[in-house]
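Chemist: Provided below for reference: sequence and predicted model.
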Amino acid sequence: MPAAHTALDILGVLRSPTSVLALIGTTAARGRAAAAVASIAVMAICWCAAPPAAAGDRLTDVFRNELAPLELGPLADVLADTVASTYPVASASSSVTYAYNPRLEAFERETRVLGPIVGERAETIGEMQINVGVSYSYVDLESINGTDLSDLRNQPVVDGRVVNRRIDGTVVLADGRLTNFLPAMVNADLDVDAHIVSPFLTYGITPDWDFNLTIPIVTSSLRANVRDQIPDPRLPQFALPTGSPFAETRVQSFSESATGIGDVLFRTKYVLLRDGPVDLAATLGLSFPTGDDRNLHGSGSMRVQPALVASRVVFDRLQPLVNAGFDVNAENAERSVFRWAAGATAQAWGPLTAAAVFLGRHDLDEQTDTIDAPFFFQVERNDIFDVALGLRCLFADTGVVSVNALLPLNDEGLRAEVVPTLEIQYAF
């Protein structure tokens, strides 16, 4: 009894004077409480053990420094402010849920349909139940607003401005005119990717209330190959005489990676309606800006994520679900986002559950400052649509292994061709 009481105090759990106190005396309840504390301790160790951000340059600083003369500087803020929003977040809903049967004096699984991989269902895990797991995702960004990141080329002229190199003194052009600068044609090949390992814990506080803690560890990489040709052949008025020493082509390459904590995510869910036409729950997420945005580990801002979740198990084999909510930027409300999800999970065969969920993200405004001279691309407000297709497989009664593919349905925003996710979790 004292050990379980201590564990609940550490978790900050509000105890029910009836059901919880009755359960806490059992060996199983003491074990679950102790396991919850141990799981949180392990996740805290992961948080503390992750390498801190370096005190010097970050990944995106290459655009502000070495590549700034080629008008690539604005890309630093664009990538820092938006890349982390492309990282997938696995569902906080436990794949396996339980309800206490007082007649049997034991917990029973509620349904054979496993929970979604992306998106949420209304069910909570069950009182004093624990689900621990880890997910792995790989994000390789390919395009922004339909423009291939591996084939960026500057516009020759934007609002009367050109990408140029200043010349000490003057240069004689082919037509005899003099100039103190020469325009450049810049071709940039950018490769931005991230490996994301996310340990997580879900704990049932009451039959209707649970919470989830997710601590992502992100290894991000940025590679840039830039080729600039002087003068720009698309501007013949700046042609140089044959053999001019000022005509040249330069190639610069940069490649760096960094590992660190991403944005730590705390989520809680409370069931508002059960056993009606639909089950209805309210969720609240808090995304803390613990990830270094300049290293492409986090968003750089605190985000509050309220949402409503509706779902219902049909014929004990199919579970449609609908989610709707906001991702509120606590530092700049105009950069908040409306999100929704609609889909279903279904028991496909034996231990296998298939999931298909359509996802929408609608920016209320641009997610970062617009670019004054958009030589390569402009920041836009985006409406992003994806579909998540996946399979879950039950093993060892309460263990679940999952595979998921997140596929884009349009080309707005920063996009990967596919974002694969693997996940393993165990409930007890």
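Modeler: Looks like it arrived, so ask away. Remember, predicted model here, so these are calculated numbers, not experimental data.
Chemist: make it CA atoms for all contacts and neighbour counts henceforth
Modeler: OK.
Chemist: Could I get the contacting residues of the residue of the chain positioned farthest from its centre?
Modeler: Distance from the C-alpha centroid of the chain, by Cα atoms, centre = their mean, peaks at residue 176 (55.3 Å). Contact analysis of residue 176 by Cα atoms under 8 Å, 6 or more residues apart in numbering lists nothing.
Chemist: i'd like the first residue to be 32 from this point on
Modeler: With the count now opening at 32, the last piece we talked about shows up as residue 207.
Chemist: And it, how close does it get to residue 261?
Modeler: Distance, residue 207 to residue 261, using Cα to Cα, to the nearest Å: 18 Å.
Chemist: Which residue is the nearest non-sequential neighbour of the most centrally placed residue in the chain?
Modeler: The residue lying closest to the centre of the chain (Cα atoms, centre = their mean) is residue 118, at 2.3 Å. Nearest non-adjacent residue to residue 118, counting by Cα to Cα, 6 or more residues apart in numbering: residue 170, 6.9 Å away.
Chemist: Can you list the residue ranges for helices in the stretch 82-231 of the chain?
Modeler: 92-95, 105-113 (DSSP state H, counting those that start in this stretch).
Chemist: so which of these gets nearest residue 458?
Modeler: Residue 458 sits nearest to helix 105-113 of all these, at 34.0 Å, using Cα to Cα.
Chemist: what's in contact with that closest one?
Modeler: 91-95, 324-327, 330-331, 398-400, 402, 410, 445.
Chemist: how far does stretch 190-204 stretch from start to finish?
Modeler: Start-to-end, stretch 190-204 (Cα to Cα) is 23 Å.
Chemist: what does stretch 173-193 give?
Modeler: One end of stretch 173-193 sits 26 Å from the other (Cα to Cα).
Chemist: Show me which positions of it end up buried.
Modeler: Across stretch 173-193, burial judged by 16 or more other Cα atoms under 10 Å covers 173-176, 178-181, 183-187, 193.
Chemist: Which of the residues you listed fall in strands?
Modeler: Mapping the buried residues of stretch 173-193 onto strands (DSSP state E) picks out 173-175, 178-179, 183-184.
Chemist: can you tell me which two in the residues you listed are farthest apart?
Modeler: 173 and 184 (15.0 Å).
Chemist: Got phi/psi on residue 450?
Modeler: phi -120, psi 100 (degrees, to the nearest 10).
Chemist: What degree of burial does it show, as a neighbour count?
Modeler: Neighbourhood size, residue 450 [other Cα atoms under 10 Å]: 20.
Chemist: Now it. Nearest residue, chain neighbours left out?
Modeler: residue 437 (4.9 Å).
Chemist: what about that neighbour, which helix or strand?
Modeler: In the assignment (DSSP states H and E), residue 437 maps to strand 430-439.
Chemist: Sheet-wise, list the partners of that strand with their directions.
Modeler: strand 414-426 (antiparallel), strand 450-458 (antiparallel) (DSSP bridges).
Chemist: Now find how far off-centre that strand is within its chain.
Modeler: In this view, strand 430-439 has its centroid 15 Å away from the chain centroid, taken as Cα atoms, centre = their mean, to the nearest Å.
Chemist: Can you give the contact residues for that strand?
Modeler: Here strand 430-439 has contacts from 126, 148, 416-426, 446-458, using Cα under 8 Å, 6+ apart.
Chemist: got it, and stretch 377-397?
Modeler: 143-145, 147-150, 348-350, 365-376, 410-426.
Chemist: Pull out the buried members of these.
Modeler: 143-145, 147-150, 348-350, 366-376, 410-425.
Chemist: Fine by me, we can end here.
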